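> build the 3D model from these lines:
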Amino acid sequence: MIGNRAGKLCIWLLLLASRLKPLLGDVQEIDESLESKSDQQSEQLDQSAGTRVVAGQIMDSTEDFGESKSDEDEAVSKEDVNTEIDVQKAIGGTADGELCVFPFLFVDREYLSCTTDGRDDDRLWCATTYNYNQDKKWGFCETNEEASQRKFAREAEVIYHTGMKMINGTSRKNLKKEGYQILVKAAEMGSTKAMEKVSYAMLLGDYMQLDIAAAKNDFEMLAALGSPKGQTALGFLFASGVGVHSSQAKALVFYTFGALGGNLLSHMILGYRYWAGIGVPQSCESALTHYKLVANYVASDVSLTGGNVVQRIRLLDEAENSGVSSGMLEDDLIQYYQFLAEKGDVQAQVGLGQLHLHGGRGVEQNNQRAFEYFNQAAATGNAHAMAFLGKMYSEGSSAVPQNNDTAFHYFKKSADMGNPVGQSGLGMAYLYGKGVQMNHELALKYFQKAAEQGWVDGQLQLGSMYYNGVGVKRDYKQALKYFNLASQAGHILAFYNLAQMHAIGSGVIRSCHTAVELFKNVCERGRWSERLMSAYSSYKEGDTDSALVQYLLLAEQGYEVAQSNAAFILDQKEAKIFGENETYPRALLHWNRAAAQGYTVARIKLGDYHFYGYGTDIDYETAVIHYRLASEQQHSAQAMFNLGYMHEKGLGIKQDIYLAKRFYDMAAETSPDAQVPVFLALCKLGMIYSMDYLSETKLREMWMQIDLDALLGPEWDLYLMTILALLLGTVIAYRQRQQQPRLRPPEHQPQQ
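Alright, predicted model coming up:
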């Protein structure tokens, strides 16, 4: 009942938001602490929710991520402190109490608001007539106290930007910790941005001591100030029960207000909740609305180079298969490849270049290192390296200045050598007229060449041209074909485009469910996915509390791997932020959510929890249901084996030895690893069957009923005695032979 009421309240608030949209604006804020510890542009991630990405062609109407001026200039610029005022009375000056006039003329410039220009004390003032130069009528726009407060707030902003520069300008932990201490000082001076950053750092253990209680207090202050980030964080605390008593109704309210304020993480969490029906009535259309908004931002953030790689590591798999690689590259292996690259191995140079360009597998993204490795390989005539150099020049970065002519040069050389990456890049140059005159026919030609060789970018852009009808007749079926091919290689924009097509029914039958699943896939590849590696690193360093909080936050966003990892940490009772009696029920909750998303091991864990009574009452029938689902839907050998055992014992299901044997056999056929335990189980089952058979029959009566004369003949006793005599004689002869002394060979006498 509470969930339904909260759901209705959220729907009402979202409807209200549609009316308040002009007041709220289109800016969508993302908290940098939820994305990456090393995000170089974390404080510039305010993007428009209305961005449109059409079939792979990014129509970017958002602000540039880069800063147009230095932080110092931004902090102290007098232009930035001008405040727009509709009705303002002058205070003091030569026109005390009179109304300010906007615009007014000062020197040779018109001002539409109060300004600090012309004053050494940086106090805001205005003119009460149009021409200040002639009339000299003016007054202050603020009192002395208000001026002091504004100056204090500006100093706090300067300190905040100083701290952010230190954090973003290094990868060394000790320097980042110093940067956060500077942010603490800015937060104490009243900087809201600094307080948001510090609060999330304390909540997640990012370069600061984990302090959930202090973070909670700060989030309450931020929420009272109307901060969407603070509201989202409070929603997370109430949803997960971290530091507070869990309340899904309160969580839903805070998430809704966070979404109304434009926080994308709140939208993503609400999208997952409406999709899974957590605390709200399940609604595909509501989930689609939230996920589509977030996916628009994620798709608009995808660069030509493809963006970062999302590394998903399961803690349970690592624990049970210690010899299996987690996908992380060992330092020794990286050093070996670096040694080969230094010795001139072209393949090692290209591989390391791609690794540093995209990041992942334990290697941080580093455009400078990538550029150096690609340059070395390109110098030897490697077409792949030339193509990636073209990508880097086309995109531009802190290491490589954007240059369309140079990009076209490298793309052309690579494409002439038949390289699909170069062909796709050359197609992009002709499609958008970068470094060359726009030519859609040539763009189509090069995309087709790249697609024929299976290159994902060629397939994507070819689908884009068919979807938009650019350079070719519009054909949704062909677009769908190439988008599907590109999605098989995991291209994020291919998933996005397919989601758009299924959402509106262009070229396919409209399917809300399919569109939501595809949009969810896109959303989970946003910059916040880097938190997965951050949580994993914390876990490997032994900071399980920090790792658990991070995984819980990602679990709220709908990451299945985070749900299973959080459940695993709780299952192992490694975290200290929850009481011992709380761990199993919370683990059961997250195993349940991971199982709902198709994770087989989580489904088996649910069966185990109900079988043994972990976090719930012992319920063999429910355990059978979960094992059966894992067996029938995911063909799990473990689930089949468990069903065989429950049939054997008659636990939660009718005892049936024949069905038990059938499930044991199915488990052995499904997985070679199950053959040994199945063999032992079948041996045990055979013994039990034999004993049960003998116990059910009267052995003495069976013996008395046997007619040996009819079975063996009338003289069977003579035959038996003869056989026994022969056996006895054989044994005696063998024993006598063993007891006979062995003759020693004569010893040779030495010659005199």
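> ramachandran angles for residue 364?
phi -70, psi 150 (degrees, to the nearest 10).
> and the pLDDT at the residue nearest in space to the middle of the chain?
When C-alpha atoms, centre = their mean is applied to the chain, the residue found nearest the centroid is residue 529 (3.6 Å). With respect to pLDDT, residue 529 has a value of 89.
> let me know the secondary structure of it.
helix (DSSP: H, G, I helix; E, B strand; the rest coil).
> surely it meets residue 268?
No. Counting by C-beta atoms under 8 Å, residue 529 does not reach residue 268; the two are 11.0 Å apart. C-betas here are computed from N, CA, C, even on glycine.
> low-confidence ranges, this protein, go.
Counting by pLDDT under 70, the chain has low-confidence residues at 1-86, 303-309, 322-332, 360-362, 692-720, 738-752.
> and the strands in it, which stretches?
With DSSP state E as the criterion, the chain has strands at 27-28, 47-48, 52-54, 57-59, 104-106, 109-111, 125-127, 138-140.
> the nearest residue to residue 606 once chain neighbours are set aside: what's it in contact with?
Leaving out its chain neighbours, the residue that sits closest to residue 606 by C-beta to C-beta, 6 or more residues apart in numbering is residue 626, at 4.5 Å. Listed by C-beta atoms under 8 Å, 6 or more residues apart in numbering, the contact set of residue 626 reads 595, 603-604, 606-607, 610, 639.
> and the furthest pair within these?
Largest separation among the contacts of residue 626 by C-beta to C-beta: 610 and 639, giving 13.1 Å.
> okay, those two: which has more neighbours?
Taking other C-beta atoms under 10 Å, residue 610 and residue 639 do not tie; residue 639 has more neighbours (27 against 24).
> not counting sequence-adjacent ones, nearest residue to that one?
residue 630 (3.6 Å).
> please tell me how far that neighbour sits from residue 637.
10 Å (C-beta to C-beta, to the nearest Å).
> who has more neighbours out of those two?
residue 630 (27 against 22).
> and that one, how far from residue 376?
In terms of C-beta to C-beta, residue 630 sits 50 Å off from residue 376.
> and residue 411, by the same measure?
In terms of C-beta to C-beta, residue 411 sits 19 Å off from residue 376.
> wait, residue 646 sits on residue 624?
Yes. Taking C-beta under 8 Å as the definition, residue 646 is a contact partner of residue 624 at 5.9 Å.
> residue contacts, residue 227?
Going by C-beta under 8 Å, 6+ apart, the list of residues near residue 227 reads 192, 196, 261.
> if you set the cut-off to 7 Å instead, what comes out?
Counting by C-beta atoms under 7 Å, 6 or more residues apart in numbering, residue 227 makes contact with 192, 196.
> tell me the phi and psi of the nearest residue to residue 102 once chain neighbours are set aside?
Closest residue in space to residue 102, ignoring its immediate chain neighbours: residue 112 at 5.4 Å, by C-beta to C-beta, 6+ apart. In terms of degrees, to the nearest 10, the main-chain angles of residue 112 are phi -100, psi 0.
> what's the burial count for residue 112?
Residue 112: 11 neighbours (other C-beta under 10 Å).
> hmm, it is touching residue 103, no?
Yes. Here residue 112 reaches residue 103: they are 5.1 Å apart, a contact under C-beta atoms under 7 Å.
> overlap in contacts of residue 646 and residue 624?
Counting by C-beta under 7 Å, 6+ apart, the residues touching both residue 646 and residue 624 are 652-653.
> just want to know which of the two has more residues nearby.
Neighbours were counted for residue 646 and for residue 624 using other C-beta under 10 Å; residue 646 has more, 25 against 20.
> and the closest residue to the more buried one other than its chain neighbours, how far from residue 620?
Closest residue to residue 646 apart from its sequence neighbours, by C-beta to C-beta, 6+ apart: residue 653 at 5.5 Å. Taking C-beta to C-beta as the measure, residue 653 and residue 620 are separated by 8 Å.
> if I look at the two, which residues touch both of them?
residue 646.
> buried residues, stretch 122-141. List them.
123-129, 132, 135, 137-141 (16 or more other C-beta atoms under 10 Å).
> cool, and stretch 579-595?
So for stretch 579-595, counting by 16+ other C-beta under 10 Å, buried means 583-584, 586-595.
> list the contacts of that stretch.
555, 560, 563-564, 566-567, 570-571, 573, 578, 602-603, 605-606, 609, 614-616.
> so of these, which ones are in helices?
555, 560, 563-564, 566-567, 570-571, 602-603, 605-606, 609 (DSSP state H).
> format those residues as JSON lines; extra columns: distance to residue 439 and neighbour count.
Formatted as JSON lines, these follow (distance: C-beta to C-beta, whole Å; neighbours: other C-beta atoms under 10 Å):
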{"residue": "555", "distance to residue 439": "49", "neighbour count": "26"}
{"residue": "560", "distance to residue 439": "45", "neighbour count": "21"}
{"residue": "563", "distance to residue 439": "49", "neighbour count": "27"}
{"residue": "564", "distance to residue 439": "50", "neighbour count": "26"}
{"residue": "566", "distance to residue 439": "52", "neighbour count": "32"}
{"residue": "567", "distance to residue 439": "55", "neighbour count": "32"}
{"residue": "570", "distance to residue 439": "58", "neighbour count": "26"}
{"residue": "571", "distance to residue 439": "59", "neighbour count": "23"}
{"residue": "602", "distance to residue 439": "52", "neighbour count": "24"}
{"residue": "603", "distance to residue 439": "54", "neighbour count": "26"}
{"residue": "605", "distance to residue 439": "57", "neighbour count": "26"}
{"residue": "606", "distance to residue 439": "58", "neighbour count": "25"}
{"residue": "609", "distance to residue 439": "62", "neighbour count": "25"}
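> isn't the residue nearest to the centre of the chain right up against residue 310?
Yes. Residue 529 is within contact range of residue 310, at 4.5 Å (criterion: C-beta under 7 Å).
> what are the ranges of the helices in the stretch 501-650 of the chain?
Remark: helices assigned in the stretch 501-650 of the chain by DSSP state H, counting those that start in this stretch are 512-523, 531-540, 544-556, 560-571, 580-596, 600-612, 620-634, 637-649.
> and the helices in the stretch 651-752 of the chain, which stretches?
Using DSSP H, counting those that start in this stretch, helices in the stretch 651-752 of the chain cover 657-670, 675-696, 699-705, 708-712, 716-739.
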